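Participant: could you look at this predicted model? Sequence included:
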Amino acid sequence: MDNNMKYSIQIAMLSQLLKLNMISDKEFMAIKNELMKKYKIIMP
C-alpha cells in the first residue's frame, strides 16, 4: 500500500473521531500535521 493510501485511510478514521467529538479540532490538526510529515504529503 502506498503512502497516499495509508494517509487517506488514517485521515478518514481521524475525521470520524472528530465528527463523533472524541477529539478536538486542535488535536485533529496536530495529528493531521504529523501524518502529513510521516507520509510526506505536500499540500500546495
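Facilitator: Cool, the structure landed.

Participant: how about residue 15, what does it touch?
Facilitator: residue 28 (Cβ atoms under 8 Å, 6 or more residues apart in numbering). No exception for glycine: its C-beta is placed from N, CA and C like everyone else's.

Participant: same thing with residue 23?
Facilitator: 14, 17, 31.

Participant: roughly how far does it sit from residue 13?
Facilitator: Distance, residue 23 to residue 13, by Cβ to Cβ, to the nearest Å: 11 Å.

Participant: give me the buried entries from the contacts of residue 23.
Facilitator: 14, 31 (16 or more other Cβ atoms under 10 Å).

Participant: burial check on the residue lying closest to residue 40 once chain neighbours are set aside, number of neighbours?
Facilitator: Among residues not flanking residue 40 along the chain, residue 3 sits closest, at 6.2 Å (Cβ to Cβ, 6 or more residues apart in numbering). Applying other Cβ atoms under 10 Å, we find 12 residues neighbouring residue 3.

Participant: show me what contacts residue 36?
Facilitator: Residue 36 is in contact with 7, 43, counting by Cβ under 8 Å, 6+ apart.

Participant: so for the helix or strand containing it, what gets flagged as buried?
Facilitator: Counting by DSSP states H and E, the element that carries residue 36 is helix 25-38. Of all the residues in helix 25-38, those buried under the rule 16+ other Cβ under 10 Å are 28, 31, 32, 35.

Participant: I'd like those residues laid out as TSV, including pLDDT and distance to residue 7.
Facilitator: Below are the buried residues of helix 25-38 laid out as TSV (pLDDT from 0 to 100; distance: Cβ to Cβ, whole Å):
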residue	pLDDT	distance to residue 7
28	98	14
31	98	12
32	97	9
35	96	6
